[in-house]
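[1] output the structure for:
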Amino acid sequence: AGALAALLRQRIDEVRELDRLAADTIPILRQMIEHQLDEKRMARLFERLEKNKQAVNRLDVTFGLVNDLNTVGAFRRARADRAIQHDADHEADQLTRQQRQLERDIDNINWLRQAYDETLSMFKSALERAEQSAKPKVAPLPQVEPEQKTRQSSLLLTSDLSSDL
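    Predicted coordinates for the structure are as follows:
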């Protein structure tokens, strides 16, 4: 149970880090929408975004677990991707397409943050159970009715007296 508890603590820390990265990424994406025409600013924002992406990639196992739980978010992202592709096929301009992709990413990250909360709750619950199962079990003493105690005491006393005779 010690190794399991250690792994769960690690996953809890990683989920917290993923959530922190997500919280940091949303304002970057919003700034990108606001400053789409400013190439220098967009380049700096893309650098910040890339750093967060690399940090998420280093937590790929935990991210994969969370993403597996994020079925609603995955569905919404796929639906948004289809709508963006449909618009691209029907001559939407590049800026509009980029804005829709950024909005889709913000929506996706918000869904991921909800999945992080759920995953964190599950991992914490599992950690509590793992720590409880690791504690030594002490069997409770059997409860004896007062009437039985008197009889047992009498029998013990009688057997002690008989052995003295």
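[2] now the strands for this protein?
    Using DSSP state E, no strands are found in the chain.
[3] low-confidence regions, it specifically.
    1, 71-77, 79-81, 83-84, 86-92, 136-165 (pLDDT under 70).
[4] helices of that one, start to end?
    In the chain, the segments counted as helices under DSSP state H are 2-34, 39-58, 60-69, 71-89, 94-134, 146-164.
[5] can I get those helices in JSON lines with mean neighbour count?
    The C-beta positions use only the backbone N, C-alpha and C, and glycine is treated the same way. Shown next, in JSON lines, are the helices of the chain (neighbours: other C-beta atoms under 10 Å):
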{"stretch": "helix 2-34", "mean neighbour count": "16"}
{"stretch": "helix 39-58", "mean neighbour count": "13"}
{"stretch": "helix 60-69", "mean neighbour count": "15"}
{"stretch": "helix 71-89", "mean neighbour count": "13"}
{"stretch": "helix 94-134", "mean neighbour count": "16"}
{"stretch": "helix 146-164", "mean neighbour count": "9"}
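[6] need the contact list for D24.
    Residues near D24 by C-beta atoms under 8 Å, 6 or more residues apart in numbering: N52.
[7] would you list the phi and psi of the nearest residue to R41 once chain neighbours are set aside?
    Closest residue to R41 apart from its sequence neighbours, by C-beta to C-beta, 6 or more residues apart in numbering: H35 at 4.5 Å. The phi/psi pair for H35 (degrees, to the nearest 10) reads phi -120, psi 30.
[8] wait, isn't H35 in contact with L45?
    Yes - here H35 reaches L45: they are 7.2 Å apart, a contact under C-beta atoms under 8 Å.
[9] can you give me the neighbour number for the residue nearest to R41?
    Residues lying near H35 (other C-beta atoms under 10 Å) number 14.
[10] who touches it in this structure?
    By C-beta under 8 Å, 6+ apart, the contact set of H35 is 41-42, 45.
[11] pick the one among those residues closest to A3.
    Nearest to A3 among these: L45, at 41.4 Å, using C-beta to C-beta.
[12] which residues touch the residue lying closest to that closest one once chain neighbours are set aside?
    The spatial neighbour of L45 that comes closest, neighbours along the chain excluded (C-beta to C-beta, 6+ apart), is M32 at 5.0 Å. For M32, the contact set (C-beta under 8 Å, 6+ apart) comprises 42, 45-46, 49, 102.
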